[in-house]
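Quick one, fold the following:
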Amino acid sequence: MQEFLRRAVCYEVETSKDESEPELWLVQATLLNQIGMLYSGSTRLENIARQSHNKLVEYVRRSRLLSASSTLKESQDNYTEQDWSNWVYQEGSRRLGYSIWLVDCMMNFHFEQKPLLVLEDGQAPLPCNELLWDAEIASDWTKLTRKQETNPSLSNALQRIYVAKTVKHDVGEFSRVILLHGIFQETWAVARYYQRPLSSWIPSAERPDTPNPRPEQKVWLPEVPMFSKWRNAACDCIDVLHRAANSTISMLSGVEHPTVFHLHSARIVLLTPYSHIRKIAESLASPNTPATSDALATAEQEVLHWAQRDQRKARLAMIHAGGLLWHVRRYSTRAFYEPPAVFLCTLALWAYSSYTALASIPDGSASTIPSPSSSSARSSSSSSETPTSICLDRPNDDEIVQLFVRDGHPARMRAYISGVRNLCSPEAPARILKEGAKILTSMATTWGGAAGYVQLLERMVEARAAADDGEDVMQL
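Just a heads-up that it's a prediction; the model follows:
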């Protein structure tokens, strides 16, 4: 089907007599085909989609889909049917532009392909909320549009959420997801700056004592004070969006909407070295494939530093990894972005379980740490004693979450996940991989790319089992 659509789009473009901009419907079909090919599981179609991605980006810029544009006057008393038609076209163009921007941003952590569109491209107002967009007749649209103000641009909305810690209350769920990925872009821009050799240099007219620059030193970003502040600010912004999402959940009688999935996934993207973890996982799954030893050693060092020296952020990421599993088991919409997010979530849990060093536990204290099913664990929440366990893929109150993030070292507090049990037990890494593969298998019928993730996770389990068998033979 994706190949048929790709050929149909190519034919339409090549035979079009109009050499100006392609029609909106054709660009919409191209974007849908792009998504279908990227997540189809076909290496050939994925490569075609990645190579042709720049055409969509070029269309966004050439057609100025995300540029500041004129909108209908909000003070106008009477809107005509033509006004509604014009607004639908303008809004549809903006939504298309921001959809392309969103996919471009997602490709960074789904396929490790750097974004071509940046924050400065988002000068158009954010898409309106879903209630206004779903209006079916002009009279309904007129009543709704009189009650609402035009959304700010992405740049202005980002400035507001960073500085004032607020977001327009009726901005809409689609715009909240765009804003969330804008926070990604802002954090990545800061990270790129502090990774540059000149970031620590203070301009001066004086010449240095040594004319030759010092050898470039590897910067570990979490220990850079200003980057750490920016990362904390990004987490605060996501918390603002999450509080709004919790209000929506309350109105929906406890049912979680798709924005919640993005919010949990965001903490994994921002708070884990996912590209390094992925490199280690691919090396483990394909031992016969040559890998640069220096690159692999660097990746392992980064992950080890994350698990041991950035513990609080690592544990916060684990909280949201568990929240993502809770959501996807119950409220999955089988969207294209779910399989890669579940895959990264699985790898993050696996890396935390594998690289977090267990501190020495005093004699006899291990037996006092109860499992979630024990009576002592069930009564701990009602007692004044400090909790000694947490179920990551279950709803938890803020107090126990903060306790785990602040002081949840495995020696003092055990983290549990359904199908895995103790996250830091010797058996946990293999169980995590199997649980992730189980969830992804259920998604493979919708998105073929999930099958590739399942195969990689299964190869990791086999490699771990083979290594364990080899150790047993050596001991014999």
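
Show me what the host helix or strand of Gln308 is in contact with.
If you go by DSSP states H and E, Gln308 is part of helix 293-309. In this structure, residues lying in contact with helix 293-309 by C-beta atoms under 8 Å, 6 or more residues apart in numbering are 218, 220, 222-223, 272-273, 276-277, 279-280, 283, 313-314, 351-352, 355-357. Where you see a C-beta, it was placed from the backbone N, CA and C, and this is true even at glycine.

tell me the average confidence for it?
Helix 293-309 shows a mean pLDDT of 91.

Return it as CSV; C-alpha atoms alone will do.
C-alpha atoms of helix 293-309 as CSV (Å, rounded to 0.1, in the frame of the first residue of the first chain):
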residue,chain,number,x,y,z
SER,A,293,35.9,0.2,20.0
ASP,A,294,36.4,3.9,21.0
ALA,A,295,32.8,4.8,20.2
LEU,A,296,31.5,1.8,22.1
ALA,A,297,33.7,2.6,25.1
THR,A,298,32.5,6.2,25.1
ALA,A,299,28.9,5.1,25.0
GLU,A,300,29.4,2.7,27.9
GLN,A,301,31.1,5.5,29.9
GLU,A,302,28.3,7.9,29.2
VAL,A,303,25.6,5.4,30.3
LEU,A,304,27.6,4.5,33.4
HIS,A,305,28.0,8.1,34.4
TRP,A,306,24.3,8.6,33.9
ALA,A,307,23.3,5.7,36.1
GLN,A,308,25.8,6.5,38.9
ARG,A,309,26.4,10.3,38.8
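
Just the buried subset of the contacts of helix 293-309, please.
Buried members of the contacts of helix 293-309, scored by 16 or more other C-beta atoms under 10 Å, are 272-273, 276-277, 279-280, 283, 313-314, 351-352, 355-356.

what stretches of the stretch 151-300 of the chain score poorly on pLDDT?
Across the stretch 151-300 of the chain, residues meeting the criterion (pLDDT under 70) sit at 208-217, 289-291.

rewinding a little: in helices, which of the contacts of helix 293-309 appear?
His276, Ile277, Lys279, Ile280, Ser283, Lys313, Ala314, Ala351, Tyr352, Tyr355 (DSSP state H).

so which of those residues comes closest to Arg6?
Ranked by distance to Arg6 (C-beta to C-beta), the ones in helices among the contacts of helix 293-309 are led by Lys279 at 30.7 Å.

how many other residues sit next to the nearest residue to the closest one once chain neighbours are set aside?
Closest residue to Lys279 apart from its sequence neighbours, by C-beta to C-beta, 6 or more residues apart in numbering: Ala299 at 4.4 Å. The burial count assigned to Ala299 is 22, neighbours taken as other C-beta atoms under 10 Å.

so how far is Thr386 from Ala299?
Counting by C-beta to C-beta, to the nearest Å, the gap from Ala299 to Thr386 is 36 Å.

With Trp188 instead?
Taking C-beta to C-beta, one finds Trp188 at 38 Å from Thr386.

Could you check which of the two is surrounded by more residues?
Trp188 (19 against 11).

Which positions in the helix or strand containing the more buried one come out as buried?
Element membership of Trp188 [criterion: DSSP H and E] is helix 173-194. Neighbour-count burial for helix 173-194, with 16+ other C-beta under 10 Å as criterion, is recorded at 173-188, 190-191, 194.

tell me the angle of the top helix by length along the chain relative to helix 173-194?
Assignment by DSSP H gives helix 81-111 as the longest helix of the chain. Per axes from the mean of the first three to the mean of the last three C-alpha atoms, to 10 degrees, the angle that helix 81-111 makes with helix 173-194 is 40 degrees.

Show me what helix 81-111 is packed up against.
In terms of contacts (3 or more C-beta pairs under 8 Å, 6 or more residues apart in numbering; DSSP states H and E), helix 81-111 is packed against helix 24-38, helix 43-62, helix 138-147, helix 173-194, helix 338-355.

so what's Phe461 up against?
Not quite, residue 461 is Val, not Phe. Ala430, Leu433, Lys434, Ala437.

Could you look up the SS state of it?
Following DSSP: H, G, I helix; E, B strand; the rest coil, Val461 is assigned to helix.

So for the nearest residue to Trp188 once chain neighbours are set aside, what's the pLDDT?
Once flanking residues are discounted, Trp188 sits nearest to Asn108: 7.5 Å by C-beta to C-beta, 6+ apart. Residue-level confidence at Asn108 comes out at 96, pLDDT.

quick one: Asn108 and Pro115 touch, right?
Yes: Asn108 lies in contact with Pro115 (C-beta atoms under 8 Å); the separation is 5.4 Å.

No further queries at this time; thank you.
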